[in-house]
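**Q** please find the sequence and the predicted model below.
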Amino acid sequence: MDYKYYFKYRVDGVTKLANKPNDDFDFEMKEYINSLRLFLLPKKPVQILEFYVQLDYLFHDDSKFFANGFQSWTDTKEFTRNDTTPDLNTIGRSPFGKMFGMKYVGDYTFIHSDCKKGQFHSHGFAYVRNGKAIDLFGSLDDRTGYTLIYADMSANTMRFSKDLDGITITEPYEILNIFITGGEYDEVFDEYFEKMGIQPRTTHKIKGYTSWYNYYQDISEEIILRDLHSLSAQKEYVNTYQVDDGYETMVGDWLLVDEKKFPHGMKPIADAIHEQGFKAGIWLAPFGAQKGSRVAKEHPDWLIKDASGKPVPVGHNWGGFYALDIYNEEARAYIQHCFDVVLNEWGFDLVKLDFLYAASVLPIHGKTRGEIAYDSIDLIRECVGDKEILACGVQQMPCFGKVEYMRIGPDMALWWEHRILRRNMHREDVSTPNAIHNSIYRRCLNGRAFLCDPDVFLLRRDNIQFTFEQQKALAKFIKLFGGVLFMSDDISQYNEEQLAVFKDVLSDDDCQLTNVLEENGRVYIDYVQNGEPHLLAFDSATGTIY
């Protein structure tokens, strides 16, 4: 292939542009049958400000470009040449959004995106689809920095870049390691993961309950034990029961349990779950510290800070929160201690770990964002040991082969359509249509990198704005695309029809996808269940069931 190069860099305090080796650096390219590796060989300390390798690529009128979003919640799907990439929207760019650091939820601080038709970027891997034929482009190693793949469908070009912000290169450095192959969908992803040497840590689906999508933070010992008792009547279908956010006094203060809500603490909750024969799961955001939390107030030196030395707000949840610096030895010890108590003293078996992107919002300590993201997941894996992780709000590639389960989309709303307020936040906000798209287009990761969590199915008829037909369609969708099959209902309130759907989703029958197609928002899913062919069809934007 004919590659063009672009380097913008700083050396000896001077910013320069170059498209070929010079007195400051050389580079070494290694081309193989299915891969490209590029090494920078500096002749003096070089700080790369911008870099890409470009090649010509012919996009057809009906070509689709798959753009993998930055983290779990970032909208992810195929695009046409007439589409545009969403951006940080009105609220996210407002003084309110700036005050709460909404720009750090996604890749808005380091991606070059001008939101023009036919121009897209993808994290880690991407593909171009023409009918059933796919050209796959995927990074084989992102530990040194995020690999970014840009497509300009109007100019017929592809670019491969890497986020190397924050480092100065003084010795030979691999700046690209790209795998390129073609074939049909499953064929190319099987080949890609085999090349990376990645295998999932488990093939065992978790099925059961999470408290979040009914009560949110308004949980209590009474509610948790009541719903547990209700679920115990269906033990043959359930293996996991998860307590979500709301047990702690504040986010970050994980060992300070709210005594009004949980007067006996969390160990009796885990014990009660075990008594029913279920795994006990619990939610944490281990790198987050709510602004009013004790950990943030008493240990400001543990927090990630900007160039002026001020703590960096990294999201608006819970009235705003900061992030812990995983390289601070005391902060690191605190994180390890929290996991030790939760897993070994309280006795939980699975941790749902949320807002994990927060650890790597800035390049710090001479490390790139990507390097920090990998280090943060390595820390988590070390802390959790042989117990299980359901990761959420996190970049996908650092978690390949490192976590058992992964949320691959945003939270679903308690209604279908993506409302205007939510659309004006950022690409990572609550959205049922985006959760559906992410499950469809990240299905390539299910059973290869980890088991995917497409989010919950909900069958109750109170505190919900879906029709029951929509609920049944989403329940079947979750069964087809998920390795995590959770609901948030008190099933003692189910009627016979609701209970039948519940059992269908959680039954261990033979249910296989045979074809998935989305055209103009309409989703058509062919599947075989117990030898019988079926079609699930709906409009992803409106919730109309066909």
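**A** Ah, there it is. Numbers count the residues shown, from 1 in each chain.
**Q** surely residue 269 meets residue 243?
**A** Yes: using C-beta atoms under 8 Å, residue 269 is in contact with residue 243, at 6.3 Å. For glycine as for every other residue, the C-beta is placed from the backbone atoms N, C-alpha and C.
**Q** what sits in contact with each of these two?
**A** Taking C-beta atoms under 8 Å, 6 or more residues apart in numbering as the contact rule, residue 269 and residue 243 both touch 224, 280.
**Q** neighbours around residue 21, how many?
**A** By other C-beta atoms under 10 Å, 15 other residues sit near residue 21.
**Q** same deal with residue 392?
**A** Look at residue 392: counted by other C-beta under 10 Å, it has 26 neighbours.
**Q** kindly report the same for the one 5 residues further on.
**A** Close neighbours of residue 397, defined as other C-beta under 10 Å, add up to 26.
**Q** give me the nearest residue to it, chain neighbours excluded.
**A** Nearest non-adjacent residue to residue 397, counting by C-beta to C-beta, 6 or more residues apart in numbering: residue 124, 4.3 Å away.
**Q** on the pLDDT front, check that neighbour for me.
**A** We have a pLDDT of 98 for residue 124.
**Q** contacts only, for it.
**A** 68, 138-139, 142, 146-147, 149, 396-397.
**Q** need the per-residue pLDDT for residue 1.
**A** Reading off the model, residue 1 has pLDDT 67.
**Q** any stretches of the protein with poor pLDDT?
**A** Low-confidence segments of the chain (pLDDT under 70): 1.
**Q** what do you get if the cut-off is 90, keeping everything else the same?
**A** 1-3, 19-20, 27, 29-33, 35, 85-93, 112-115, 418-426, 519-520 (pLDDT under 90).
**Q** what ranges do the helices span in it?
**A** For the chain, applying DSSP state H gives helices covering 90-93, 95-99, 185-196, 212-215, 221-231, 267-275, 294-298, 329-340, 369-384, 420-423, 432-441, 468-481, 496-506.
**Q** between the ones you listed, which one is nearest to residue 525?
**A** Of all the helices of the chain, helix 468-481 sits nearest to residue 525, with 6.4 Å by C-beta to C-beta.
**Q** from the contact counts, what lies against the closest one?
**A** In terms of contacts (3 or more C-beta pairs under 8 Å, 6 or more residues apart in numbering; DSSP states H and E), helix 468-481 is packed against helix 432-441, helix 496-506, strand 511-519, strand 522-529, strand 532-539.
**Q** contact partners of the third one?
**A** Residues from elsewhere that reach strand 511-519 (C-beta under 8 Å, 6+ apart): 77-78, 437, 440, 443, 479-481, 523-530, 533, 540.
**Q** quick one, what contacts the residue nearest to residue 183 when sequence neighbours are not counted?
**A** The spatially closest residue to residue 183, leaving aside those adjacent along the chain, is residue 134, at 6.4 Å (C-beta to C-beta, 6+ apart). Contact analysis of residue 134 by C-beta under 8 Å, 6+ apart lists 127-128, 182-185, 188.
**Q** try it again at 7 Å.
**A** Residues near residue 134 by C-beta atoms under 7 Å, 6 or more residues apart in numbering: 127, 182-185, 188.
**Q** am I right that residue 377 is in contact with residue 402?
**A** Yes: taking contacts as C-beta atoms under 7 Å, residue 377 lies within contact range of residue 402: 5.2 Å.
**Q** between the two, which one's more packed in?
**A** For residue 377 versus residue 402, neighbours defined as other C-beta under 10 Å are more numerous around residue 377 (24 against 19).
**Q** could you check how far the residue nearest to residue 183 is from residue 190?
**A** From residue 134 over to residue 190 the distance is 12 Å, taken as C-beta to C-beta, to the nearest Å.
**Q** where do the strands of the stretch 101-250 of the chain begin and end?
**A** Along the stretch 101-250 of the chain, counting by DSSP state E, counting those that start in this stretch, strands occupy 119-123, 125-130, 133-139, 147-152, 157-162, 173-183, 206-210, 240-243.
**Q** ranking those strands by burial, who's on top?
**A** Comparing these by mean neighbour count (mean count of other C-beta atoms under 10 Å), strand 240-243 comes out on top with a mean of 26.
**Q** hmm, who's touching that strand?
**A** With C-beta under 7 Å, 6+ apart as the test, strand 240-243 has contacts from 206-211, 224, 228, 231, 269, 273, 278-283, 350, 352, 486.
**Q** if anything else comes up later, I'll come back, but that's it for now.
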